[in-house]
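Engineer: Structure of the sequence below:
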Amino acid sequence: MRLFRTLFKKPDSPESNESDILSTVLRITNRDTNGKKDINLSGESTLLLNANDHPFFTDIKSSLKELDKELFMSTMRTPLQGLKSETYNSCWIIFESTNNQKMVDDINAISSHIANLGLGENMTAAVFKGTIGDQSFYCICNYRTSKFYPLVPLGHDMRDNELEMKIGDRIASIGIPLEPHENWYSLSDVPI
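Structural biologist: Okay, the predicted model is just below:
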C-alpha cells in the first residue's frame, strides 16, 4: 500500500511490488491446500491506533461520524464504530462487511484520512478476524513493517503458538509477507 511505503519506508529500503499490502490478506479466503483445513476471513476487522491528545481521539464517536460523512456518504454498509481503551491508551476502529475487498478498501481510505490528519505514526496495525477449520484467529498487519502474523488467542492471556506457526507457514506459502516470529506480539483486547 502506498500509504505504508510513504509513512514507514526506510530511505534505503527497496520498493514493494505489491501495490496494496492490505489486499494481500484477501489471498487467504477459502484456502484449502493439500487437504489442510480451510482458512477464511470472517468479514470483521479493526484498525488499531495509539491514542494521544489530538482532537480526533477526544470524542472518537463524533470523529468517526464526521469521517463517515466525508469519505463514504451513503456507500458505507454499517456506520463506523470506535472504542477507546484507557488501559492501553489505544483506540480501535471496527469494520464489518460481507465483502472483504470493500472492507480492505474502507480500511485503506480511513488510514489515508488519518495520515492526512498528521496521525500516521499513531497507526499500529490492521487486524482481520478469520477462521481455520472451526478455530478463530487474527491475521495482524503491522503498519511499521507492512508484514502480517497470526494470533490465536485461547483466553486468559494464553495463545496457541503451535497453530500460529502452522497458520504463519500457510500464509507465507501463498505470498503474504510474514513478520519474523520474534515480532508476533499479542493483543489482549481486540474488540472483534
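
Engineer: okay, CA-based contacts and neighbour counts for the rest of this
Structural biologist: OK.

Engineer: which residues does the most centrally placed residue in the chain contact?
Structural biologist: By C-alpha atoms, centre = their mean, the chain has its centre lying nearest to residue 126, at 1.6 Å. Residues in contact with residue 126 (C-alpha atoms under 8 Å, 6 or more residues apart in numbering) are 45, 46, 47, 48, 107, 140, 141, 142, 143.

Engineer: tell me the average confidence for the top strand by length along the chain?
Structural biologist: Of all the segments of type strand in the chain, defined by DSSP state E, the longest one is strand 39-50. For strand 39-50, the mean pLDDT works out to 92.

Engineer: Summarise which helices and strands that strand is packed against.
Structural biologist: Where contact means 3 or more C-alpha pairs under 8 Å, 6 or more residues apart in numbering; DSSP states H and E, strand 39-50 is packed against strand 90-96, helix 100-114, strand 123-132.

Engineer: Next, the angle from that strand to strand 123-132.
Structural biologist: 160 degrees (axes from the mean of the first three to the mean of the last three C-alpha atoms, to 10 degrees).

Engineer: Excluding its own residues, what touches strand 39-50? List them.
Structural biologist: Here strand 39-50 makes contact (C-alpha under 8 Å, 6+ apart) with 26, 28-32, 89-100, 103, 107, 122-133, 191-192.

Engineer: chain center to it: distance?
Structural biologist: 5 Å (C-alpha atoms, centre = their mean, to the nearest Å).

Engineer: Just the CA coordinates for that strand, please, in CSV.
Structural biologist: Only the C-alpha atoms of strand 39-50 are listed here, as CSV (Å, rounded to 0.1, in the frame of the first residue of the first chain):
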residue,chain,number,x,y,z
ILE,A,39,-8.6,-20.6,6.1
ASN,A,40,-11.2,-17.9,5.8
LEU,A,41,-11.8,-14.2,6.6
SER,A,42,-14.9,-13.6,8.8
GLY,A,43,-15.8,-10.1,7.4
GLU,A,44,-14.7,-8.4,10.6
SER,A,45,-11.6,-6.2,11.0
THR,A,46,-10.3,-3.4,13.1
LEU,A,47,-7.7,-0.7,12.9
LEU,A,48,-5.5,-0.2,16.0
LEU,A,49,-4.4,3.3,16.8
ASN,A,50,-2.3,4.7,19.6
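
Engineer: Touching stretch 150-157 from outside, list them.
Structural biologist: By C-alpha under 8 Å, 6+ apart, stretch 150-157 touches 136-140, 159-161, 163-165, 167-168, 184, 186, 188.
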